[in-house]
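Enquirer: I would like the atomic coordinates for the input below:
(2 chains)
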Amino acid sequence: MTSLYSLTDLSKGYTRGKESITIFEELTMTIPEGDFMAIMGPSGSGKTTLLNLLGGIDRPTSGSVECQGVRVDKLSEGKLAKWRSQNVGFIFQFYNLMPTLTAAQNVELPLLLTGLSGKQRKERVATALDIVGLADRKGHRPRQLSGGQQQRVAIARAIVADPKVLLCDEPTGDLDRKSADEILETLQLLNKDLGKTIVMVTHDPSAAKYARRELHLDKGRFVEQAQEPAQ
Amino acid sequence: MNDLTLIRKNLFRKKLRAILLTLSILIAFLIFGVLGAFHTVWTSGGALAADNRLITVNRINFTVSMPFAYWNRVAAIEGVENVAHASWFGGYFQEQTQQVQTFAVDPATYLAAYPELTMPAEQRQAFLDTRDCLLVGTDLAGQYGWSVGDTIPLLSNIWQKTDGTSSWTFNICAIFDAEDDKVPANYAVFHYDYYNEALAFNSDQVGWLIINTTDPSFNDQVSRAVDELFANSPSETETTTEAAFNEAFANQFGNIALILLFVVGSAFTTILIIVGFTMVTAINERTGEIAVMKTLGFPAPRIFRMVLAESVMLSLVGGLLGLGLANLMISGVADAAAAFLPGLALSAQVFWVGVGLAILLGLLTGIVPAINAQRVKIITALGKQ
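Expert: Take a look at the predicted model:
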């Protein structure tokens, strides 16, 4: 598989008062295209920070984040926003849907950044909602949906602009087991059938089982554990 | 869906808050619209004034009269084309509450001084020829249902006749109008002689002179000449352009422009603080959502524009509703007030100034929240969730 991401000597730290805190240092890794990777590790190990760096919403202290030849860490804020809109789909633990918009409007949101016509956007939204099994809920507002359904809408929003990679931060952290399994199955389907590269941060070992591989981040270092995807 | 949908949805996400904010802005613009319309009427005298018309009043103030003889003496000054005179009658019809603006004038020179007053030729001639004729403005005639041929008594609350009464009987023989709606048609004039001959006191006095110069370039020269002519006399004069006189007349009721500025300024400052603070709070409540939009790829300048547009939209909605309501209210009272405030209406100028103010208010109240929204740090905002 060709490499999608290439992280080289990546370091990230911050200062709290006079104290310097290092999250990870000189991390080097690649993420192949079509991968479904679960990142696990104890709280404060830097899982979410790594995800933020991959998504271009945070910048490393040193080192480089390269995605298909683009130095993400070197892009200006404006170019970074455009790059995110074209390449990355985000899925958050608490869904982060717009409460005033319907499911369909939430899904359409990233398409406002494209040059697609209203009709094209409508078609794309219908397809995305169909993939996550919520075509019949398009007119519902988030508060009218269950947690699992809201996360499905969030997934539809993440895939509607057809990004290369989906970055999921604890996507099942706020869901019951049944809903969590449904979400993870959807992610697995997106990886297998649509070829989306997925990087998922999770505390949940059973969620990690759905990934092609698990990476354990501990004290700023990776411990890789290959596995067979869950059935 | 487009950016406008998002702006609208965000604006009305908390309906009660949006309604209260809109109401507060509406009230400010209602005040602005109503006061603006009154201000336009009060100050329209200056705009309607002829370039070559001067007004001469007693130097003490315009309520003090001057000798009738001044009329002929001023006519002899170089650069003077026509001189008319007028005297305040202080009239009312039947009851003191039914005040009628009435002036005793020399008919021929008065009509020559105000060529903008129009009437049928036979009525004009009747006014010139009939000693007890009352020439009535069309608004005033409409107010009391008067028409040509009516005989009416007018009483004066200032003057008394030698017979001890204060009532003059008039024959309405002409009704005047003007092509320009703003020209007052809410008063009446009659022959000075008919009034003067019956006066028990203060006879052979006139209230003020209306001078038409041969050319506006002579205005200063004529003004100086008139005032120098009567300098050091018991009745010194002060001559100004009609525009300056009208402005001074309007300002005797108070500096309308200053009152307007103060009232509207106070209302707008209050609204600015309330709406500005509320908008800052509203945007702070949405920090997480703004961070998500940025994460999705919405660039900071676009978010800045959307928040600013939200504030401008709120202000425009409230402003337009306020101006619309002001227009309705003014239209409702315009007919009733025509006799005292002819041409009372929300002018296009006041409307567009209002729209401009609404946009400015929106920009001022939105600028800080928009900057805050633009500066939202994704990591920090999402980390707080």
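Enquirer: quick check on the closest residue to chain A within the stretch 151-300 of chain B: phi, psi?
Expert: Here the stretch 151-300 of chain B gets closest to chain A at one residue, B:Gly297, 2.5 Å apart by Cβ to the nearest Cβ. (C-beta placed from N, C-alpha, C; glycine too.) Per-residue torsions, B:Gly297: phi 120, psi 10 (degrees, to the nearest 10).
Enquirer: try B:Thr102
Expert: Main-chain torsions, B:Thr102, degrees, to the nearest 10: phi -130, psi 140.
Enquirer: kindly report the residues of the stretch 151-300 of chain B close to chain A.
Expert: Residues of the stretch 151-300 of chain B found near chain A (Cβ under 8 Å from any Cβ of the partner chain) are B:288-289, B:292-300.
Enquirer: show me the contacts for the residue in the stretch 1-150 of chain B positioned nearest to chain A.
Expert: Residue nearest to chain A within the stretch 1-150 of chain B: B:Lys9 (4.1 Å; Cβ to the nearest Cβ). Shown in contact with B:Lys9 (Cβ atoms under 8 Å, 6 or more residues apart in numbering or on different chains): A:98, A:100-101.
Enquirer: and those residues, which is closest to A:Asp35?
Expert: A:Asp35 has its nearest neighbour among these in A:Met98, at 30.2 Å by Cβ to Cβ.
Enquirer: touching, the closest one and B:Glu289? I think so.
Expert: Yes. At 5.9 Å, A:Met98 counts as touching B:Glu289 under the criterion of Cβ atoms under 8 Å.
Enquirer: picking that back up, assign the residue of the stretch 1-150 of chain B closest to chain A to helix, strand or coil.
Expert: On the three-state scheme (DSSP: H, G, I helix; E, B strand; the rest coil), B:Lys9 is labelled helix.
Enquirer: any idea which element the residue nearest to the spatial centre of chain B lies in?
Expert: With distances taken as Cα atoms, centre = their mean, the residue of chain B nearest its centroid is B:Val41 (2.0 Å). Per DSSP states H and E: B:Val41 is located in helix B:15-48.
Enquirer: after that helix, which helix or strand is next?
Expert: Heading C-terminal from helix B:15-48 (DSSP H and E), you reach strand B:53-58.
Enquirer: so which elements touch that following strand?
Expert: strand B:66-67, strand B:208-213, helix B:219-229, strand B:237-241, helix B:242-251 (3 or more Cβ pairs under 8 Å, 6 or more residues apart in numbering or on different chains; DSSP states H and E).
Enquirer: out of the ones you listed, which is closest to A:Ser45?
Expert: Of all the helices and strands packed on strand B:53-58, helix B:242-251 comes closest under Cβ to Cβ, at 77.4 Å.
Enquirer: and the angle from the closest one to strand B:208-213?
Expert: Here the directions of helix B:242-251 and strand B:208-213 differ by 150 degrees (axes from the mean of the first three to the mean of the last three Cα atoms, to 10 degrees).
Enquirer: residue ranges with poor pLDDT in chain A?
Expert: Across chain A, the ranges flagged by pLDDT under 70 are A:1, A:224-231.
Enquirer: spell out which residues of it are next to chain B.
Expert: Contact residues (Cβ under 8 Å from any Cβ) of chain A with chain B: A:52, A:55, A:57-58, A:77-78, A:81-86, A:90, A:92, A:94, A:96, A:98-101, A:105, A:108-110, A:112-113, A:121, A:157.
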